[in-house]
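Asker: with the input below, show me the fold.
(3 chains)
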Amino acid sequence: MTMSWTDERIDTLRRMWEAGQTASQIAEELGGVSRNAVIGKAHRLGLQSRPSPVKPNEPAAAKAAAAPPAPKPAAPVAAAPVAAPPRPPVERVIPPVVVAAAPPAVEIEDDVEDDTEVEADAPVAPPRPAPPILRSVGPGGFLRQAPGEQQAPITPAPPRRLVPAKPSADMAGKTTLLDLNDKICKWPIGHPGEPDFHFCGEKVNPGFPYCVGHCGHAYQAQLPRRDRRPPPPLPFGGPRAR
DNA sequence: CCCTGATTCGC
DNA sequence: GCGAATCAGG
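Answerer: From the prediction side, this is the model:
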């Protein structure tokens, strides 16, 4: 059974294509198809072929950092600030459906619907009253961060060293690794290996490894998981040697 | 080289 | 209809 263009896959293709994702990205997302297949299909679908002569995408922005300006010694030329061309709405666009993560079998209310579709800009922007931030409430009563609030998917505490905290005077009253049990919040404070690394220690939100407060951080209104794949930080900084 | 999308054309 | 091969531009 070969990969076929099911309605769902076509829909994903269409939406990603229209969203400005590159054929490669789409192909990768769909899986089982090549970049060419995506392009071919897109055309057959009559999808609008945007500026064909390639246009830098997200990857460019990502790699941009790797290409810092190499100033030429003799260049009296006024550094013309490159006017950013119409960098339109090509944002992170997620193809699949938005699903809310539902940890345990508990009723969940999820009405986070923040359509922030701001047009270019209103001539006279009336003082936006009060940002109606809608948060969903998770089991135990923790508030999920609304998608709009999810600045950076905060990482609890990326380990830096593989060194266990040693008991010391500083740790007096702190919840250490040895103090962990099923009833106390395991939210890490600080980083492993650091002198005062410890855990929250609050009473857990029943059924969760964290207290109610930290559950709010740990369980956020779910963004589509199909996002780009920037996940696993290298176990250890092993820049691939050539 | 890398990347991009467009097009062709045998299947 | 499909997509590898090819072409063409950045």
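Asker: helices and strands of chain A: which one bottoms out on pLDDT?
Answerer: helix A:58-64 (a mean of 42; mean pLDDT, DSSP states H and E).
Asker: give the next helix or strand downstream of that helix.
Answerer: strand A:188-189 (DSSP states H and E).
Asker: which elements pack onto that following strand?
Answerer: Counting contacts by 3 or more Cβ pairs under 8 Å, 6 or more residues apart in numbering; DSSP states H and E, strand A:188-189 is packed against strand A:198-199. Backbone N, C-alpha and C define where each C-beta goes, glycine included.
Asker: for the strand it packs on, packing partners?
Answerer: When contacts are defined as 3+ Cβ pairs under 8 Å, 6+ apart, strand A:198-199 packs onto strand A:188-189.
Asker: max-length helix in chain A?
Answerer: Using DSSP state H, we find that the single longest helix of chain A is helix A:7-18.
Asker: I'd like to know which elements that helix is packed against.
Answerer: So helix A:7-18, by 3+ Cβ pairs under 8 Å, 6+ apart, packs with helix A:23-30, helix A:35-44.
Asker: closest to residue A:15 out of these?
Answerer: In terms of Cβ to Cβ, the element of the helices and strands packed on helix A:7-18 nearest to residue A:15 is helix A:23-30, at 9.4 Å.
Asker: tell me if that closest one is near DNA strand C.
Answerer: No - applying Cβ under 7 Å from any atom of the strand, one finds helix A:23-30 separated from DNA strand C by no less than 8.6 Å.
Asker: could you give me the average pLDDT of that helix?
Answerer: The average pLDDT within helix A:23-30 is 89.
Asker: give the buried residues for that helix.
Answerer: Residues of helix A:23-30 classed as buried: A:23, A:25-27, A:29-30 (neighbour count, 16 or more other Cβ atoms under 10 Å).
Asker: and that helix with helix A:35-44, angle?
Answerer: 100 degrees (axes from the mean of the first three to the mean of the last three Cα atoms, to 10 degrees).
Asker: quick one on the thing from earlier: closest to DNA strand C out of the buried residues of helix A:23-30?
Answerer: The closest of the buried residues of helix A:23-30 to DNA strand C turns out to be residue A:27 (Cβ to the nearest atom of the strand; 8.6 Å).
Asker: pretty sure the closest one contacts residue A:37?
Answerer: Yes - look at residue A:27 against residue A:37 with Cβ atoms under 8 Å: they come within range, at 6.7 Å.
Asker: circling back: can I get the helices and strands packed on helix A:7-18 in TSV with distance to residue A:5?
Answerer: Below are the helices and strands packed on helix A:7-18 laid out as TSV (distance: least, Cβ to Cβ, whole Å):
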stretch	distance to residue A:5
helix A:23-30	9
helix A:35-44	6
